[in-house]
Structure formats: C-alpha cells, structure tokens
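Asks: Below: sequence and its predicted model.
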Amino acid sequence: MTYSNPYQQQWPNQPAPAAPVVAGWDDPNRGGWDTPTAAWSTPPSRARVNQPRSGEHLLDVRDLRVEFGTRDGVAHVVNGVSFHVDPGETLAILGESGSGKSVTAQAVMGILDTPPAVVRSGQVLFGGEDLLTVSADRRRQVRGQEIAMVFQDALSALNPVFPVGWQISEALRSRRGINKADARRRAIELMDMVQIPAAAERVDDYPHQFSGGMRQRVMIAMALAMRPKVLIADEPTTALDVTVQAQIMDLLATLRAELEMALILITHDLGVVADVADRITVMYAGRVVEHADVHTLYAQPAHPYTRGLLASVPRLDHRGHGLHSISGTPPNPAAIPDGCAFHPRCPWAQQVCRMTAPTLVRIGRLDRASACHFPPEALDARLA
C-alpha cells in the first residue's frame, strides 16, 4: 500500500521529514497584588470589508446570551455579556473554569456546536456588522482572516501527522491560492516572527518534536497567517512553566504592537496579564461582574469575586502565610442561584444579595463598572 505524504504533495522538492493592597479577603493584613507595571512580508492585498467608522469599536459584543440543552435542563452559560476592544488594545477576560469565557470566544468566532449550543440573543459587531446575522459564507470569510483564535492546549490542537510548516501555511494555500514555494517561504517567515529558532530547519518537523512553549508559538503563527485584525488567545499559557508563560505573553504583546491588531486574552490567571492587558473584564457564572482598566482593578477591585481572585495569587513577600482560596465551587450553569450568583461563596453576602441580582453599574469613570450591591468603599469599611 502506498501512502501519500501531504507535506510532499505541497512541497515536492523537499525531502520528507523523518503595590496597592487588596483589602483583606479573610485577613485585613493580607496583601493583594502589586501595581502592574518581525520580520513580515506584506501579504497579497485583499478587500477589508470591516473598517470601523468614527465612534465605533473594532469588535463590540453586546448582551450576548448562549444556552446549552442538557439532561439537567437549560444551562445558561453566557448571560448578557458585553465588552469591546479596539485596534492596538489588549482586553483580558478573566474568570474560573466554567465562567463562560471560552464559550463567549467561540460564539464570537462562530464555532459553537449548534445544537446543543444556542445563541439566544445579543450582537457581535465587527466594524459595525453583526456577525450573528450574516450568512455562513460571510462568517467563514471573517473567521481566520479578520478574527483569529489561538486555542488552548497546543498539543491537542495541532495535527500530529502533518509537519508544522504545512499546518501554518494551510490557510494561505486554501484562501490565497499561493504556490507551494511561496507557502513554504511564508511558513518560515511566520515561524521567525514568533521567534522559533532555526525556523528554516524546523519547518519540516512534526508537533511532537517541539516543546510546549514552541508548540504554542506554532499555534500563534497559524493564527497570524492571514494577519487578522483581532486575535483571541484562549488560555495561551496553560501547562507552561512560569518562564515560558512570560515569554509567550511578551511575544503576544510585541506582535499586537507590531501588527496593530486587537488582542483578547482569555485566562484564569491574574498574574499572566498584569503587564500586558490594558483593560480587564471579570466573568463569573456567565456574567460580567467587573470591568476596569488594569491599574484600577489591581489597585482597588470593586467586586468581592475579583478581590478573592487577587487574594489567591501567591506572593513572594508572604512566605509562611497559608495560600488563600475562594470557598465553595462555581455554580452549575443549569442551576444558577437566585440573586447574585456569587452570594453562596461571598463573605460579605447580605439578604439583598440572596434576593436580587445586581446589575453592572458604572463606578465613577466611564471605563469602570461592577455588579455588586455594595460599592468598594462599603466593602472596605466592613473590613475596618
């Protein structure tokens, strides 16, 4: 039996490869988190349909609601999520597993499995065009070319039987129709851009021949192949050691600036976004519970959940102290409690929290909001 090598089909001439303090969560003296402190050849021209008009955001998600049908009932996974991002800006979407972060990103990309998922309502405005109402062909045109995504767990996302160079250039071959020699050259350029050493020699290697950090760089190169306007990175530092995490975050920040794209980081780790994000949106049980610029959120978090997340970050200056954790577990999306979804785990919960769901309201400036019945000053006073 003869097996065709997909790499050789594309490149037949190449041999087949063998300081502010978060007021204490459970201890008034407990500290929080310190104040956060390529070569590219121009691709062939293509029509850019979505150019935001004056006053519009590049990507504007409004009141997005996504449900899943389960044996336990309807799971309300995303409940009225709204956020926006502009060119050259980094937005971090933060929350525990099960908060709805990844489902929100998949809804924006249009890659939800339907059924069981149903986008119940909302808008995903890209350059003023609602992607939830466009045709499937138009959605496919936007996906990858205008809005791209780096999926978590690069080892699972990459195909083990294809060389990484072949996978990186796949979108260019299928959408641009470039020849085999140009596809190979562009793959090497992309690998150079994401700082993979000896790219020309490693373009023929398979995913298992790369370390975890290098595989993540390959995934980033694949996402950037079409030079998208928006890049969504879903847990880009999962399963990487601290040093490699920092390298990946620095790389994303550098690429965002060089390519003038918008970057959305989805993560549960406050530590990895401190120096990269411009704004942070915190999600819990499918809802946005806080939104602020990164400096304000780290210095004075307005929601008890955000305070708990910050207090859970280990600090080098607290050696000998026990690690803090938020009590309880996130709620089942099919059985979200009445009132504030966080009240069963909140040390400040009052009767109003159990009865009435708080709305996301502005706090002072335009770019700060919280979904809590009590303002930050009231929470601080209760710790005094």
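Replies: Sure, I can see it. Numbers count the residues shown, from 1 in each chain.
Asks: Look up how far V103 lies from V78.
Replies: V78 sits 6 Å away from V103, going by C-beta to C-beta, to the nearest Å. C-beta here means a position set from N, CA and C on the backbone, and glycine is covered the same way.
Asks: Have a look at the two and say which one is more surrounded.
Replies: Between V78 and V103, counted using other C-beta atoms under 10 Å, V78 has the larger neighbour count: 30 against 22.
Asks: Specify the beta-bridge partners of the more buried one.
Replies: Note on V78: beta-bridge partners V66, judged by DSSP bridges.
Asks: List the buried residues of the longest helix seen in the chain.
Replies: Among the elements of the chain assigned as helix by DSSP state H, the one spanning the most residues is helix 242-259. Across helix 242-259, burial judged by 16 or more other C-beta atoms under 10 Å covers V244, Q245, A246, Q247, I248, M249, L251, L252, A253, L255, R256, L259.
Asks: Pull the residues that contact that helix.
Replies: Contact with helix 242-259 is made by 38, 40, 88, 90, 193-195, 212-213, 216-217, 220, 224, 227, 231, 233, 236-237, 240, 261-263, 265, 272-273, 275-276, as judged by C-beta atoms under 8 Å, 6 or more residues apart in numbering.
Asks: Just the buried residues of stretch 97-113, please?
Replies: For stretch 97-113, the neighbour count (16+ other C-beta under 10 Å) marks 98-110, 112 as buried.
Asks: for stretch 111-130, that is, sorry about that
Replies: Under 16+ other C-beta under 10 Å, the buried positions of stretch 111-130 are L112, A117, V119, G122, Q123, V124, L125, F126, G127.
Asks: Quick check: the last one touching D60?
Replies: No - assessed by C-beta atoms under 8 Å, G127 is found out of contact with D60, at 9.3 Å.
Asks: List the buried residues of the helix or strand encompassing R184.
Replies: Using DSSP states H and E, R184 falls within helix 180-193. Residues of helix 180-193 classed as buried: D182, A183, R184, R185, R186, A187, I188, E189, L190, M191, D192, M193 (neighbour count, 16+ other C-beta under 10 Å).
Asks: Repeat that for stretch 57-71.
Replies: Neighbour counts over stretch 57-71 (16+ other C-beta under 10 Å) mark H57, L58, L59, D60, V61, L64, R65, V66, E67, F68 as buried.
Asks: Any chance of a markdown table for these, columns distance to G286 and pLDDT?
Replies: Output for these, formatted as a markdown table (distance: C-beta to C-beta, whole Å; pLDDT from 0 to 100):
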| residue | distance to G286 | pLDDT |
| --- | --- | --- |
| H57 | 22 | 92 |
| L58 | 24 | 94 |
| L59 | 19 | 96 |
| D60 | 19 | 96 |
| V61 | 13 | 96 |
| L64 | 10 | 96 |
| R65 | 8 | 96 |
| V66 | 8 | 96 |
| E67 | 10 | 95 |
| F68 | 11 | 94 |
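Asks: can you tell me how far A239 sits from Y206?
Replies: For A239, the distance to Y206 (C-beta to C-beta) stands at 19 Å.
Asks: Filter the contacts of helix 242-259 down to the buried ones.
Replies: Buried members of the contacts of helix 242-259, scored by 16+ other C-beta under 10 Å, are 90, 193-195, 212-213, 216-217, 220, 224, 227, 231, 233, 236-237, 240, 261-263, 265, 272-273, 276.
Asks: can you tell me which of the residues you listed are in strands?
Replies: T90, L231, A233, A262, L263, L265 (DSSP state E).
Asks: where are the low-confidence patches of this structure?
Replies: Where the chain drops to pLDDT under 70, the residues are 1-55, 365-366, 377-384.
Asks: any chance you could map the strands in it?
Replies: In the chain, the segments counted as strands under DSSP E are 59-70, 73-85, 90-94, 117-126, 129-130, 147-150, 230-234, 262-267, 279-284, 287-293, 361-362, 369-370.
Asks: name the helices or strands packed onto the second one?
Replies: Judged by 3 or more C-beta pairs under 8 Å, 6 or more residues apart in numbering; DSSP states H and E, strand 73-85 is in contact with strand 59-70, strand 90-94, helix 101-109, strand 117-126, strand 262-267, strand 287-293.
Asks: For it, buried residues please.
Replies: Those buried within strand 73-85 under the rule 16+ other C-beta under 10 Å are A75, H76, V77, V78, N79, G80, V81, S82, F83, H84, V85.
Asks: So what's the gap between it and the chain middle?
Replies: Chain-centre distance of strand 73-85: 15 Å, with C-alpha atoms, centre = their mean, to the nearest Å.
Asks: What angle do strand 90-94 and that strand make with each other?
Replies: Relative orientation of strand 73-85 and strand 90-94, computed by axes from the mean of the first three to the mean of the last three C-alpha atoms, to 10 degrees: 160 degrees.
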